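Student: here is a sequence together with a model predicted from it:
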Amino acid sequence: MTTGVCAFPKIASARGGEYGWGMLVLGIETSCDETAAAVVADDAAPARRIRSSVVLSQIAEHRPFEGVVPEIAARAHLAHIDAVIRRALDEAQVSYRDLDGVAATGGPGLIGGVIVGIMTAKAIAAVQDIPFIAVNHLEGHALTERLTGTLPFPFLLLLVSGGHCQLLAVEGVGKYVRLGTTVDDALGEAFDKTAKLLGLAFPGGPAVERAARAGNPKRFALPRPMVGRPGCHFSFSGLKTAVRRHVAALGDTRTDQDAADLAAAFQEAVAESVIDRVGHALAVFRARYGGTVHLVVAGGVAANTMLRDRLGAFAHAKDVALRVPPSELCTDNAAMIAWAGIERLRLGLVDAMDFKPRPRWPLDPDAEPALGAGVKA
Ligand code: KG4
Ligand code: ZN
């Protein structure tokens, strides 16, 4: 990565106040189907750091296709990015001149959208003569809990989103050790595919969660993927196939109650599988780092109330401090990108104008590939 030590005088000379270094950063997020911009400051207590956070969802544009269409997403980002940034600045009551840096998602994600965000951020940085920071979207999720609270390194991270499902030891900014990943589908992807099988609305995760509330999790027997196996990897494609078989067996007479019962059974299987994997990762983490363990859950699926509750009970039983960001900061947003930008700026980690958007960008590039078909980084 073309990251260098920062040559900007204000940042190089900052010494830090009670809470931070008095920095104000604009964040831009365009890696999937939300066009988002936020202004975040590090000069206040965590609860008051987010000065504005604007998220424009493209759900309506993608709904007819029951999934995110990359070309439609890129065009929509281009159409709305300027207005979304304008609104973020207005709501924060700041102007471009007040900014100490501009951070944008540099990947991983849908490349057309990432290019829109990165080009916009570079233009602002060039005109204002302020640092440009390309943020790994996954690092944005990973560090969110440090934006809204005080959380020391190292911590154990369960990152569960639409494209990723990983367990990581977070040793510091830019320092990740991957303990486990999925050998097939990401967890959010499994929720989305299950929703489709059950005929539920797009986007799938929240729809499965809603349907499951009225369901009986015991009516259908579903497998508990990876439970009891060594290691920390995940697998969800077998679970999805099992749901498909039940849906096929129910045939055309499938009722809303059938869908609710299957959704509840799916969530139950997911929770048991995830908790088994986290248990293994916890043992590895404790052996390696010792001390009080903070378990952070981040990414869109961390918005799932049932999973949050189950992980809460697990953490309590294992004497672990569970930390989950507020739901609106679990799903994609730009405040997390601005915050990761601030964390990098504090370390003098800025990017050059020749940074190239990255469709793939693993947090731990040294991690061994997981065994299995269609491995995701
Ligand atoms: O982090 P995110 O907003 O975007 C990515 O970086 O992928 O995660 C989106 C994923 C989608 O798969 C969505 O269905 C899932 O998070 N999701 C949920 C819930 N809210 C969002 N999954 C389960 N329960 C939810 N409440
Ligand atoms: Zn995300």
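Tutor: Happy to help now that I have it. Ligands and ions are numbered 1, 2, ... in the order given.

Student: check whether stretch 34-54 comes near ligand 2.
Tutor: No - against ligand 2, stretch 34-54 shows no contacts by Cβ under 5 Å from the ion, the least distance being 8.8 Å. No exception for glycine: its C-beta is placed from N, CA and C like everyone else's.

Student: pLDDT score for the nearest residue to Ile59 once chain neighbours are set aside?
Tutor: Leaving aside its sequence neighbours, Ile59 sits nearest to Pro203 (Cβ to Cβ, 6 or more residues apart in numbering; 6.5 Å). Pro203 is assigned a pLDDT of 84 by the prediction.

Student: verify the stated contact: Pro203 with Asp192.
Tutor: Yes - Pro203 lies in contact with Asp192 (Cβ atoms under 8 Å); the separation is 6.6 Å.

Student: okay, and the common contacts of the two?
Tutor: By Cβ atoms under 8 Å, 6 or more residues apart in numbering, Pro203 and Asp192 have no common neighbours.

Student: quick one: list the elements packing against the helix or strand hosting Leu307.
Tutor: Leu307 belongs to helix 305-318 when assigned by DSSP states H and E. Using 3 or more Cβ pairs under 8 Å, 6 or more residues apart in numbering; DSSP states H and E, the elements in contact with helix 305-318 are helix 204-212, helix 256-289, strand 294-298, strand 321-323.

Student: okay, the angle between the third one and helix 305-318?
Tutor: Angle between the axes of strand 294-298 and helix 305-318 is 170 degrees (criterion: axes from the mean of the first three to the mean of the last three Cα atoms, to 10 degrees).

Student: spell out, range by range, the strands that occur in the stretch 1-150 of the chain.
Tutor: 3-5, 24-29, 34-41, 50-57, 101-107, 132-136 (DSSP state E, counting those that start in this stretch).

Student: with only the CA atoms kept, save stretch 87-96 in CSV.
Tutor: Output in CSV follows, covering the C-alpha atoms of stretch 87-96 (Å, rounded to 0.1, in the frame of the first residue of the first chain):
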residue,chain,number,x,y,z
ARG,A,87,-25.7,17.2,3.6
ALA,A,88,-23.1,15.6,5.9
LEU,A,89,-21.1,18.9,6.0
ASP,A,90,-24.3,21.0,6.5
GLU,A,91,-25.6,18.8,9.3
ALA,A,92,-22.2,18.9,11.0
GLN,A,93,-22.2,22.7,10.4
VAL,A,94,-18.7,22.6,8.9
SER,A,95,-17.2,23.5,5.6
TYR,A,96,-14.5,21.8,3.5
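
Student: what's the burial count for Ala44?
Tutor: Residues lying near Ala44 (other Cβ atoms under 10 Å) number 16.

Student: relative to Trp339, how far out is it?
Tutor: Distance, Ala44 to Trp339, using Cβ to Cβ, to the nearest Å: 13 Å.

Student: next: Ala303.
Tutor: Taking Cβ to Cβ, one finds Ala303 at 18 Å from Trp339.

Student: which of the two has more neighbours?
Tutor: Trp339 (28 against 22).

Student: and that one, that one's in a helix?
Tutor: Yes - assessed by DSSP: H, G, I helix; E, B strand; the rest coil, Trp339 belongs to a helix.

Student: what number of residues lie near the residue lying closest to it once chain neighbours are set aside?
Tutor: Computed as Cβ to Cβ, 6+ apart, the closest residue to Trp339 that is not its neighbour in sequence is Leu147, at 3.9 Å. Counted with other Cβ under 10 Å, residues neighbouring Leu147 total 22.

Student: for Leu147, what are its contacts?
Tutor: 40, 46, 49-50, 325, 329, 335-336, 339.

Student: and stretch 162-173, which residues are buried?
Tutor: The neighbour-count check on stretch 162-173 (16 or more other Cβ atoms under 10 Å) flags 162-170, 173 as buried.

Student: touching ligand 1 at all, that stretch?
Tutor: Yes - using Cβ under 6 Å from any ligand atom, we find that stretch 162-173 touches ligand 1 at 162-163.

Student: Pro154 versus Ala367, what's the distance?
Tutor: Distance from Ala367 to Pro154, counting by Cβ to Cβ: 16 Å.

Student: check Lys193 too.
Tutor: 33 Å.

Student: centre-most residue in the chain?
Tutor: Geometric centre of the chain, nearest residue: Gly299, 3.0 Å, by Cα atoms, centre = their mean.

Student: any idea how far it is from Thr331?
Tutor: Plainly put, Gly299 is 8 Å away from Thr331 if you go by Cβ to Cβ.

Student: same question for Ala283.
Tutor: 30 Å.

Student: ok, how many other residues are close to Asp90?
Tutor: For Asp90, the count of nearby residues is 13 (other Cβ under 10 Å).

Student: please name the bridge partners of the closest residue to it other than its chain neighbours.
Tutor: Of all residues not flanking Asp90 in the chain, Ser52 sits nearest, at 7.9 Å (Cβ to Cβ, 6+ apart). Beta-bridge pairing for Ser52 (DSSP bridges): Val39.

Student: neighbours around Ser52, how many?
Tutor: Residues lying near Ser52 (other Cβ under 10 Å) number 20.

Student: OK, contacts around it?
Tutor: Applying Cβ under 8 Å, 6+ apart to Ser52 gives the contacts 37-39, 87-92.

Student: let's see 10 Å
Tutor: For Ser52, the contact set (Cβ atoms under 10 Å, 6 or more residues apart in numbering) comprises 26, 37-40, 87-94, 334-335, 338.
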